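A.B. asks: Prediction below, plus the sequence it came from.
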Amino acid sequence: MRELNLDQLRTLVAITDLGTFSAAARALHLAQPTVSLHVSELESRLGAPLVLRGGRKVEPTAAGAVLVRRARQLLRDADDAVDAVQRHVEGRTGRVRLGSSTGVLVYLLPEVLKAMERAHPNIDVEVNILGSGEAMERLAQGTLDVGLVASPQLPRPGLVMTPWRSDPMMAYVPQHWPVPKRITPQWLAARPLIFNDATTHMYHLTMAWFANAGLSPRTRIELNYNEAMKSLVAAGYGAAVLPLEHPGEPLVHQGIQVVPLKPLLTRHTLVAHRALEAVDGATRNLLKTLMEFRQGPGAGK
């Protein structure tokens, strides 16, 4: 037996609810012969009469009543399926996998996630703590939807990278150290240092700053967690070069002086994702929300 046709089932339910073929035809915007054909084909397929014809009001037979009950549930399920897909396409629901460093997560993402919750409460943003290299690999593999990554990055086929923020790099120095108003590579290289580990973009950015001054300093410890680095600075273990990711951040860390660098150094952050035509509505809505927090026109350039 061929599969049941949802349009034919909808017609049978309409006839049962409205009582006549003509009323069902008007409600469904169908010609009356089409309504009759729907019922006849259902009856032929099931091998049983489904409605009692000839009275002032069309009534279902016993078999017809059984089918109408099941048809209502099938039609509800079909409508729910269409609505679920539509909500997913429009970005009203879904899950987005976002990759971010710890610093961005602590100081920048909370406001983004709060805005997402307000505007799109049925979208679940799954945050993964990732370095830029791993985030780019996972984007290319399709196991990540959006990455907040350090700039520059080599172009990758199928991936789009948009400037998002530019944050000044600062010297984080123990409170009890006497410091100049601006800290140079020469001054900092003579002190004990705490760096991001050598696998990170931040490490290479910082080392390039020293290298431009002809220096290659040694570090006391290398970590891949900015907040742990700041705790060590506050304890007097050494100084670090890190981005100032929030204007009020120095007030949060007691025991630390945050001092500008000379020459200036800037950490640029990109939003990386697949081409818009290749992402779902939930991902597009997260990208729109991220752009609301973009740090000025031309950020990252």
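C.D. replies: Nice, I can see it.
A.B. asks: What are the boundaries of the helices in the stretch 51-200 of the chain?
C.D. replies: Listed from the start of the chain, the stretch 51-200 of the chain has helices (DSSP state H, counting those that start in this stretch) covering 62-90, 102-107, 109-119, 132-141, 185-189.
A.B. asks: okay, those in TSV with mean neighbour count next?
C.D. replies: Bear in mind the C-beta positions are built from the backbone N, C-alpha and C, glycine included. Below are the helices of the stretch 51-200 of the chain laid out as TSV (neighbours: other Cβ atoms under 10 Å):
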stretch	mean neighbour count
helix 62-90	14
helix 102-107	20
helix 109-119	15
helix 132-141	18
helix 185-189	17
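A.B. asks: Nearest to residue 291, out of those helices?
C.D. replies: The closest of those to residue 291 is helix 109-119. By Cβ to Cβ, the value is 10.2 Å.
A.B. asks: re earlier: lowest average pLDDT across the helices of the stretch 51-200 of the chain?
C.D. replies: The minimum mean pLDDT among those belongs to helix 102-107 (a mean of 79).
A.B. asks: so what secondary structure elements neighbour it?
C.D. replies: Under the contact criterion of 3 or more Cβ pairs under 8 Å, 6 or more residues apart in numbering; DSSP states H and E, helix 102-107 touches strand 123-129, helix 226-234.
A.B. asks: Tell me which of those lies nearest to residue 148.
C.D. replies: Once these are compared by Cβ to Cβ, strand 123-129 is nearest, at 10.0 Å.
A.B. asks: Compute the inter-axis angle for the closest one and helix 62-90.
C.D. replies: For strand 123-129 against helix 62-90, the angle by axes from the mean of the first three to the mean of the last three Cα atoms, to 10 degrees is 50 degrees.
A.B. asks: Give me the sheet partners of strand 123-129 and which way each runs.
C.D. replies: Sheet pairing of strand 123-129 (DSSP bridges) gives strand 94-100 (parallel).
A.B. asks: Report the buried residues of the strand it pairs with.
C.D. replies: 94, 96, 97, 98, 99, 100 (16 or more other Cβ atoms under 10 Å).
A.B. asks: for residue 294, what are its contacts?
C.D. replies: 163, 164, 165 (Cβ atoms under 8 Å, 6 or more residues apart in numbering).
A.B. asks: ok, now with 7 Å
C.D. replies: With contacts defined as Cβ atoms under 7 Å, 6 or more residues apart in numbering, residue 294 is in contact with residue 164.
A.B. asks: which residues in the chain form strands?
C.D. replies: 51-52, 59-60, 94-100, 123-129, 146-150, 159-174, 193-196, 221-223, 239-243, 256-260, 266-274 (DSSP state E).
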